[in-house]
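> Pasting a predicted model and its sequence here:
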Amino acid sequence: MSSFLTNSSVGKKLVMSVTGAFLVLFILFHMAMNLTAIISREAYNLICELLGANWYALVGTAILAAGVVVHFIYALILTWDNYRARGKQRYAVTTREPGVSWASKNMLVLGFIILGGLVLHLFNFWAKMQLVEVLGSHQNTLGFHPADGAALIAWTFSQWYYVAIYLLWFLALWFHLTHGVWSMFQSVGWANDTWYPRLKGIANIISTLIFLGFAAVVVVYFLRSVCPCCSGAC
């Protein structure tokens, strides 16, 4: 079984599909959690407290990190295998559509952009929240309690450059998912002539919901920082 997953092209694509599905589910959960910050700062901070340095949150973080690492490593392996087999082309898919041609041809580039955004996000949030709690501190470098995620969001997205960077990051994620979500099913043989347009539609819906959900938090908190009336302060 291990040989199939590491040496077989089908096995490698299966690993990519499974880890990709896992990461998409986490992203949807993370987006839903972040939207809570718009509705109620107290509710969002309660979630942050529940997902702090508790053992189950630490286990979940480790599993998530492993999923990201495995997904990225297999992406590199598949790209290299494809490069050796067919030059610079990506691994073949049974059906292509003009609307996704750019994303499908630049999945690795998009992956690097997403990885770079993830590193920045870990610096801005994880290092100032869960890591601070793990280290036994009750205050991060900005002076906030590590469970006060709403305050951290408010500070981060009061900085225009973080707003711009995060929106570009979400856009790269949107492009990546518009191809990646349906490609997960294609890799296991589900994207036939009947299901391809349906899966493509589902991929676009999921990708757009994720983009809009994350972007909404960034934009709302930025507007609140520049317009007191937007936060009900006037």
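Everything's here; your move.
> continuing past the helix or strand hosting residue 17, what's the next helix or strand?
Using DSSP states H and E, residue 17 maps to helix 9-39. Toward the C-terminal end, the helix or strand that comes next after helix 9-39 (DSSP H and E) is helix 41-50.
> Following element in sequence after that next one, please.
Counting by DSSP H and E, the element after helix 41-50 in chain order, helix or strand, is helix 55-86.
> For that following helix, buried residues please.
Within helix 55-86, the residues that qualify as buried are 57, 61, 67-68, 70-72, 74-75, 78-79, 82, counting by 16 or more other CB atoms under 10 Å. Where you see a C-beta, it was placed from the backbone N, CA and C, and this is true even at glycine.
> and if you look at stretch 129-148?
Buried, per 16+ other CB under 10 Å, within stretch 129-148: 129-133, 140, 144-148.
> which pair in these spans the largest distance?
Farthest-apart pair in the buried residues of stretch 129-148 is 131 and 148; separation 14.7 Å (CB to CB).
> any weak-confidence spans in the protein?
The model of the chain has pLDDT under 70 over residues 1-7, 86-101, 187-193, 195, 228-234.
> Not counting sequence-adjacent ones, nearest residue to the most centrally placed residue in it?
By CA atoms, centre = their mean, the chain has its centre lying nearest to residue 27, at 5.1 Å. Closest residue to residue 27 apart from its sequence neighbours, by CB to CB, 6 or more residues apart in numbering: residue 210 at 5.8 Å.
> helices and strands around the helix holding residue 17, which ones?
helix 2-7, helix 41-50, helix 55-86, helix 149-156, helix 160-187, helix 195-226 (3 or more CB pairs under 8 Å, 6 or more residues apart in numbering; DSSP states H and E).
> helices or strands next to the last one in the packing?
It refers to helix 195-226. Using 3+ CB pairs under 8 Å, 6+ apart, helix 195-226 is in contact with helix 9-39, helix 149-156, helix 160-187.
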